[in-house]
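*Asks:* no sequence for this one, just the structure:
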């Protein structure tokens, strides 16, 4: 049915197990033109919202928004959408209204705490948002913007899931005004332990064109231990085509993990860069971008400025942010930038401080390549008085931009004993014979025991070891070929 022109289109108080919409066209509600489209209040739960057009015209092709499309206030274990096209809600067109000089509304889905009494706050727990088109029309190709944000996880939102790893569970969250996903907590009401998986954020449904939000995912304040992506197949988010950064961690929070995502490209690898950085960390500490497992790393490519930028606004620190195992390439700036000012030179013994403690990068002297064995000589100029040891050193093949990391090659543990010994010589086995070749650029990062990752080191070009297999004057493996490669001229 058509539900329009009310203060609240559908309100659910202290009741559970209600069904709003369904999987057939006859069960579909069109809920538009209200102050609040659907309001799940504190004390309710286990409700299902599926198959509805919320904030659009009856055919789902134009905006007819509510000010707030869907609100979940202190309500838990609800499902919004599902994994099949029939369960999909179209949630779009929410408008902002200025009330007493302040903007109100403009939200697709809000999940936040609610109150049974002024003293009895209830946090929303265990809600799932899956398979919806949030900010687009029914085709997924035209923006019908929720003017503030597609999905908002606010004060007290805990253990909710936006998307999922199974087929059809990811949402399309594109075309929204300020944010695709916005998360904001405070000290006594943190936003924590939520999962964001398998979503398309900033492209159309077929991943063939940009349909950007301003920022893809924005975390502000006390956001702790949330998971963006995961190593499970299908859990990666595609965060591309947004006009600001793909992901922003801003002024607070810790323990958030960003794993296995595609940031600045689609599933096929086509470039759809975000308009600023791939990831921006501004006043947030103790977060994890990638990791040491083989599938932890993100691909961060094609973004207009830096792959990852870490800075410290006044009154906040950005420390202990580990950046491990990621592929970072074809960005307009450098791969990892402390302070947003380009490559920061190493200082003497690493005594300086700043974002990620301005951890010094490894200094590679040389490398030699023989088959799948890469021998590297390097040192880390970081005194144990200034850096937490041991330090994880990661090596990467760079692309033509020598300050970015195209392919992860391997890692080493650098100890305080190594520091006192000077240059360290190691040999790593490449993940594949073609992972690194003659004339390739080698770069590295250092991540101390507290989790502070350095910028990428300047690239080094090394030598390949050619094995002579015969004394012939021509042919593969010949002495003549070795002389030619070495530019040796007999006298």
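*Replies:* Perfect, thanks for sending it. In this text the structure is predicted, and so the values were computed from the model without any measurement.

*Asks:* list the buried residues of stretch 138-156.
*Replies:* Applying a neighbour-count criterion of 16 or more other C-beta atoms under 10 Å, the buried positions in stretch 138-156 are 138, 140-141, 143-156. Where C-beta positions appear, they are placed from N, C-alpha and C, glycine not excepted.

*Asks:* how near is the closest residue in space to residue 275 that isn't next to it in sequence to residue 273?
*Replies:* Distances taken as C-beta to C-beta, 6 or more residues apart in numbering place residue 243 nearest to residue 275, at 4.3 Å, with adjacent residues excluded. Distance from residue 243 to residue 273, counting by C-beta to C-beta, to the nearest Å: 11 Å.

*Asks:* okay, these two: which has more neighbours?
*Replies:* A count of neighbours by other C-beta atoms under 10 Å puts residue 273 above the other of residue 243 and residue 273, at 24 against 15.

*Asks:* how much space between residue 306 and residue 220?
*Replies:* Here the criterion is C-beta to C-beta. By it, residue 306 lies 20 Å from residue 220.

*Asks:* ok, those two, which is more surrounded?
*Replies:* Taking other C-beta under 10 Å, residue 306 and residue 220 do not tie; residue 306 has more neighbours (27 against 22).

*Asks:* that one - nearest residue in space that isn't next to it in sequence?
*Replies:* Of all residues not flanking residue 306 in the chain, residue 333 sits nearest, at 3.9 Å (C-beta to C-beta, 6+ apart).

*Asks:* pLDDT wise, what is that neighbour at?
*Replies:* We have a pLDDT of 95 for residue 333.

*Asks:* which regions of this structure lie under the pLDDT threshold?
*Replies:* Residue ranges of the chain with pLDDT under 70: 4, 401, 463-470, 474-491.

*Asks:* now do the helices in it.
*Replies:* Per DSSP state H, the chain carries helices over the ranges 416-421, 479-485.

*Asks:* give me the beta-bridge partners of the nearest residue to residue 62 once chain neighbours are set aside?
*Replies:* Ranked by C-beta to C-beta, 6+ apart and with sequence neighbours excluded, the top spatial neighbour of residue 62 is residue 56, at 6.5 Å. Counting by DSSP bridges, residue 56 is bridged to residue 63.

*Asks:* make 9 the starting number, not 1.
*Replies:* With 9 as the first residue, the last one maps to residue 64.

*Asks:* check contacts around residue 64.
*Replies:* Under the criterion of C-beta atoms under 8 Å, 6 or more residues apart in numbering, the neighbours of residue 64 are 38, 40, 70, 71, 72, 73, 98, 100, 101, 145, 146, 152.

*Asks:* which one of these sits closest to residue 116?
*Replies:* Residue 116 lies nearest to residue 100 out of these, by C-beta to C-beta, at 7.1 Å.

*Asks:* is it true that that closest one touches residue 116?
*Replies:* Yes: under the criterion of C-beta atoms under 8 Å, residue 100 lies in contact with residue 116, with a separation of 7.1 Å.

*Asks:* the more surrounded of these two?
*Replies:* residue 116 (35 against 32).

*Asks:* so the more buried one makes contact with residue 157?
*Replies:* Yes: taking C-beta under 8 Å as the definition, residue 116 is a contact partner of residue 157 at 6.7 Å.

*Asks:* what residues are shared contacts of the two?
*Replies:* The contact lists of residue 116 and residue 157 share residue 184, where a contact means C-beta under 8 Å, 6+ apart.

*Asks:* in strands, which of the buried residues of stretch 146-164 fall?
*Replies:* Taking DSSP state E as the definition of strands, these contribute 157, 158, 159, 160, 161, 162.

*Asks:* now those in a markdown table, with distance to residue 466?
*Replies:* Rendered in a markdown table, the data for these read as follows (distance: C-beta to C-beta, whole Å):
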| residue | distance to residue 466 |
| --- | --- |
| 157 | 40 |
| 158 | 40 |
| 159 | 41 |
| 160 | 42 |
| 161 | 40 |
| 162 | 43 |
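
*Asks:* pick out the most distant pair among these.
*Replies:* With distance counted by C-beta to C-beta, no two of those lie farther apart than 158 and 162, which are 13.5 Å apart.

*Asks:* return the residues in contact with the closest residue in space to residue 146 that isn't next to it in sequence.
*Replies:* Spatially, and ignoring its direct neighbours in sequence, residue 146 is nearest to residue 68 (3.2 Å; C-beta to C-beta, 6+ apart). Contacts for residue 68 were tallied using C-beta under 8 Å, 6+ apart; they are 61, 98, 145, 146.

*Asks:* do residue 113 as well
*Replies:* By C-beta under 8 Å, 6+ apart, residue 113 lies in contact with 74, 75, 76, 102, 103, 104, 105, 155, 156.

*Asks:* and the gap between the closest residue to it other than its chain neighbours and residue 116?
*Replies:* Nearest-residue entry for residue 113: residue 75, 3.4 Å, with adjacent residues in sequence omitted and distances by C-beta to C-beta, 6+ apart. Relative to residue 116, residue 75 is positioned 12 Å away (C-beta to C-beta).

*Asks:* anything in contact with each of the two?
*Replies:* Listed contacts common to residue 75 and residue 116 are residue 102; contacts here mean C-beta under 8 Å, 6+ apart.

*Asks:* burial count for residue 66?
*Replies:* Applying other C-beta under 10 Å, we find 12 other residues in the vicinity of residue 66.
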